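In: just coords:
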């Protein structure tokens, strides 16, 4: 979910330490965290759906290849080693999230899973042939566009997946107001 609001919500950082009294399902944990943030920061929020430009992770026209579900149940791993991006034990939604994250030199665009694939997967992308500091790039935007194309080509060549530009409805949490300084315990 995207978040929008006053500038300080992205400019400031906070260490928040909280402990539940016992095991809590993920949905309940999210509600508990929202309550804590609302109480401590006096946040007033609402949700909206916006049509936003994104990259959709999709199955290419020739179908998937070299992609098999894994059944080991280990935690998700994300590593950048020797010019390779490795994502292990992850659903496609998490892989899409990594591809859109600032992990290493990834595209920094929102990427959503639209593959229709369920299960957990391991992928490894070789990125060492892409140099973001190449003098041929006249601007950051030009470099980023080239990186998106490079990653999409690598995905299609190795796994039969690709990144497609689309406008999709995205849920956005809007912070209407809040205090920059949290209240004490």
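Out: Received the coordinates, thanks. Keep in mind it's a predicted model, so treat the numbers as computed, not measured.

In: isn't residue 66 up against residue 159?
Out: Yes: Residue 66 is within contact range of residue 159, at 5.7 Å (criterion: CB atoms under 8 Å). In this view, the C-beta of every residue, glycine as well, is placed from N, C-alpha and C.

In: so which of the two has more stuff around it?
Out: Between residue 66 and residue 159, residue 159 has the larger neighbour count (other CB atoms under 10 Å), namely 20 against 9.

In: spit out the contact partners of the nearest residue in space to the more buried one that is not next to it in sequence.
Out: Among residues not flanking residue 159 along the chain, residue 67 sits closest, at 4.8 Å (CB to CB, 6 or more residues apart in numbering). Each residue near residue 67 by CB atoms under 8 Å, 6 or more residues apart in numbering is listed here: 117, 121, 123, 159-161.

In: ok, now how distant is residue 67 from residue 7?
Out: 41 Å (CB to CB, to the nearest Å).

In: now swap in residue 146 and tell me
Out: In terms of CB to CB, residue 146 sits 30 Å off from residue 7.

In: likewise for residue 168?
Out: The value you get for residue 168 to residue 7, if CB to CB is used, is 26 Å.

In: show me which of these two is the more surrounded one.
Out: residue 168 (15 against 7).

In: tell me the secondary structure at the more buried one.
Out: strand (DSSP: H, G, I helix; E, B strand; the rest coil).

In: okay, and the beta partners of the residue nearest to it when sequence neighbours are not counted?
Out: Closest residue to residue 168 apart from its sequence neighbours, by CB to CB, 6+ apart: residue 54 at 5.2 Å. Per DSSP bridges, residues listed as beta-bridge partners of residue 54: residue 166.
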